[in-house]
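Enquirer: mind folding the following:
(one chain, ligands or ions: 1)
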Amino acid sequence: MMLERVLPYAKTLLSSCIQEGDVAVDATAGNGHDTLFLAQLVGESGFVYAFDIQQQAVDATIERLKEHGLENRARVILDGHEHLSKYVEDEVAGAVFNLGYLPGGDHSIITKGETTISAIKQLLSKLKIGGIIVLVIYPGHEGGKEERDAVIEFVSKLPQKCVHVLRYEFINQQNNPPFLIALEKMKKLPD
Ligand SMILES: C[S@@+](CC[C@H](N)C(=O)[O-])C[C@H]1O[C@@H](n2cnc3c(N)ncnc32)[C@H](O)[C@@H]1O
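Expert: Just a heads-up that it's a prediction; the model follows:
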């Protein structure tokens, strides 16, 4: 038996909750790897909403989808995920956040605790029962620890009857490796 690494485990979790015909969200499109993965999972009858605040990321994501002929399965939105409710009306089966900065881009443009938490709240209300939100958290860069602490504080206090909160982490690795938080919605949350 081999312990699954963090990024493959994120995919395993998303594959377990997203079926053909579902709606899924990539909250941080970046270079489009996760958007493409979600577009493949939702199939021809499903749909993906992807968000990023950088034009470069939106362009890269659309390009990646086009390379695979899947550009019609996703809407790539140049806006922050904290405005998700403006765009997503459907029930969501699964969502992913890959936090931090755009690889190969400007390292000073990073996700931030406050906006990440706002997006998580909006997604929790749109998530199906049994749906999952996966967050891959990178505490190594400047600003990363603040975001990690804010997100952990928020998710640790979610009511356990409504949301199961998992932390998946290799605790003996050096140099602040990424770790994963997954939220599984069990029941509607109180307003
Ligand atoms: C680690 S990268 C994402 C990598 C991506 N999942 C991939 O497959 O390549 C993080 C991205 O989050 C974006 N970002 C930062 N703040 C954001 C926000 N408020 N809403 C949406 N995206 C944001 C950054 O521009 C950056 O492209």
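
Enquirer: give me the helices and strands touching whichever strand in the chain runs longest, please.
Expert: Ordering each strand of the chain by length in residues (DSSP state E) puts strand 127-137 first. If you count contacts as 3 or more CB pairs under 8 Å, 6 or more residues apart in numbering; DSSP states H and E, strand 127-137 packs onto helix 6-17, strand 92-98, helix 113-126, helix 144-156, strand 179-185. (Glycine included, C-beta is placed from N, CA and C.)

Enquirer: which among the ones you listed is found nearest to the ligand?
Expert: strand 92-98 (3.5 Å; CB to the nearest ligand atom).

Enquirer: now this protein against the ligand: closest residue?
Expert: Counting by CB to the nearest ligand atom, the chain gets nearest the ligand through residue 30, at 2.4 Å.

Enquirer: can you tell me which residues contact that residue?
Expert: 52, 57, 60, 61, 98, 102, 103 (CB atoms under 8 Å, 6 or more residues apart in numbering).

Enquirer: quick check, pLDDT for it.
Expert: The per-residue pLDDT reported for residue 30 equals 98.

Enquirer: using the three-state scheme, assign it.
Expert: Here residue 30 takes the coil state, with states given by DSSP: H, G, I helix; E, B strand; the rest coil.

Enquirer: so the closest residue in space to residue 120 that isn't next to it in sequence bridges to which residues?
Expert: Distances taken as CB to CB, 6 or more residues apart in numbering place residue 133 nearest to residue 120, at 6.4 Å, with adjacent residues excluded. Bridge pairing for residue 133 (DSSP bridges) gives the partners residue 95, residue 183.

Enquirer: so residue 133 sits against residue 95, correct?
Expert: Yes: contact criterion CB atoms under 8 Å: residue 133 and residue 95 qualify, at 4.7 Å.

Enquirer: which pLDDT does the model give the most centrally placed residue in the chain?
Expert: Per CA atoms, centre = their mean, the C-alpha nearest to the average position across the chain is that of residue 96, at 1.7 Å. Residue 96 carries a pLDDT score of 98 in this model.

Enquirer: residue contacts, it?
Expert: Residues near residue 96 by CB under 8 Å, 6+ apart: 10, 14, 24-28, 34, 38, 133-136.

Enquirer: ok so, going back, higher neighbour count, residue 133 and residue 95?
Expert: residue 95 (33 against 27; other CB atoms under 10 Å).
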